[in-house]
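Student: One predicted model, sequence on top.
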Amino acid sequence: MPFFPTGTMERVDTEGQIATAMTLSRILSHTPFTGNGPVKLVLFDVHTLQQRFYFHDGIIPCLLSGMPSFQRLLNKNHSGEAISIAFPDDGAKKRFGQMFASTFPLVICNKVREGDNRILQVSEGDPAGRHVFIVDDLVQSGGTLIACKNVLLQRGAAKVSAYVTHGVFPNESWKKFTDGSWTKFYVSDSVPDTIKAIEGVAPFEVCPLAAELHEFMLHISVLS
């Protein structure tokens, strides 16, 4: 199950809302045992790491990441470029920053309040003259990524690209990224409908999760 679809629905802000991330976890926790014990449920880049604790003892959540595949793709396709990695908020930086900090300069964006509005600004790092890749776990409407791209270009980034593990793109929101302002937009193959929709469409390119899943399966085989 590469994409945990209710992962962003883990909070209840008003009475009557349902934390469906917990609900789906409970449902999956009732998966029948295998001959070797509880089922191992493989999930890639869940929205928050604490969601592993939503599952009961009847299932073992195995949390993997698509970031290693993206890092290999960077080394293959963008070797020699002046690359920086940007995060659209502190949460993404805390989650993935340690995976890139030793290899690339980091740029952090954050929302700040100006009057009645909240705007995105660069709070750390310098994107000037760099090919900046915005990295996050998922994209839906794309508003935050687009705002991040705009502020990076305003601060002098030479080019802006993106990688997200889960391209959800409800209501064909992927079309917002085809205006020519993005150099590349890498996305994993965790959401099949999205992959069909963006096939052959610039600036999108698929970064498959198969290598990470294969490595995990080999590890499980060795242990068993």
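Tutor: Structure received.
Student: And the residue lying closest to residue 161 once chain neighbours are set aside, how close does it get to residue 146?
Tutor: Spatial nearest neighbour of residue 161, chain neighbours left out: residue 184 (4.0 Å); criterion: C-beta to C-beta, 6 or more residues apart in numbering. Heads up, the C-betas are built off the backbone N, CA and C, glycines and all. Distance of residue 184 to residue 146, given as C-beta to C-beta, to the nearest Å: 15 Å.
Student: okay, now the closest residue to residue 48 other than its chain neighbours: neighbour count?
Tutor: Distances taken as C-beta to C-beta, 6+ apart place residue 10 nearest to residue 48, at 6.2 Å, with adjacent residues excluded. Counted with other C-beta atoms under 10 Å, the neighbours of residue 10 add up to 17.
Student: Let me see the contact set for residue 10.
Tutor: Residues counted as contacts of residue 10 (C-beta atoms under 8 Å, 6 or more residues apart in numbering) are 19, 21, 22, 47, 48, 51, 54.
Student: Just give the nearest non-adjacent residue to the last one, would you?
Tutor: Counting by C-beta to C-beta, 6+ apart, the nearest residue to residue 54 once its immediate chain neighbours are dropped is residue 25, at 3.6 Å.
Student: ditto for the fourth one
Tutor: With C-beta to C-beta, 6+ apart as the measure, residue 7 is the residue that lies nearest to residue 47, at 3.6 Å, once sequence neighbours are left out.
Student: mind listing what residue 81 touches?
Tutor: Contacts for residue 81 (C-beta under 8 Å, 6+ apart) come out as residue 131.
Student: and if you look at residue 104?
Tutor: Going by C-beta under 8 Å, 6+ apart, residue 104 touches 83, 84, 85.
Student: Kindly reformat those as TSV containing pLDDT.
Tutor: Converted to TSV, these look like this (pLDDT from 0 to 100):
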residue	pLDDT
83	98
84	98
85	98
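Student: wait, which of those residues is closest to residue 67?
Tutor: residue 85 (10.1 Å; C-beta to C-beta).
Student: Helix, strand or coil: sort out residue 42 for me.
Tutor: strand (DSSP: H, G, I helix; E, B strand; the rest coil).
Student: hang on, isn't it packed against residue 215?
Tutor: No. Assessed by C-beta atoms under 8 Å, residue 42 is found out of contact with residue 215, at 11.4 Å.
Student: what's the single longest helix in this protein?
Tutor: helix 210-223 (DSSP state H).
Student: Can you name every helix or strand that it contacts?
Tutor: Counting contacts by 3 or more C-beta pairs under 8 Å, 6 or more residues apart in numbering; DSSP states H and E, helix 210-223 is packed against strand 39-44, strand 59-64, helix 67-77.
Student: more neighbours, residue 184 and residue 146?
Tutor: Neighbours were tallied for residue 184 and for residue 146 using other C-beta under 10 Å; the higher tally belongs to residue 146 (21 against 18).
Student: List phi and psi for the closest residue to that one other than its chain neighbours.
Tutor: Leaving out its chain neighbours, the residue that sits closest to residue 146 by C-beta to C-beta, 6+ apart is residue 176, at 6.4 Å. In terms of degrees, to the nearest 10, the main-chain angles of residue 176 are phi -70, psi -20.
Student: and residue 176, how many neighbours does it have?
Tutor: 16.
Student: ok so, going back, who are the contact partners of the residue nearest to residue 47?
Tutor: 21, 46, 47, 48, 51, 138.
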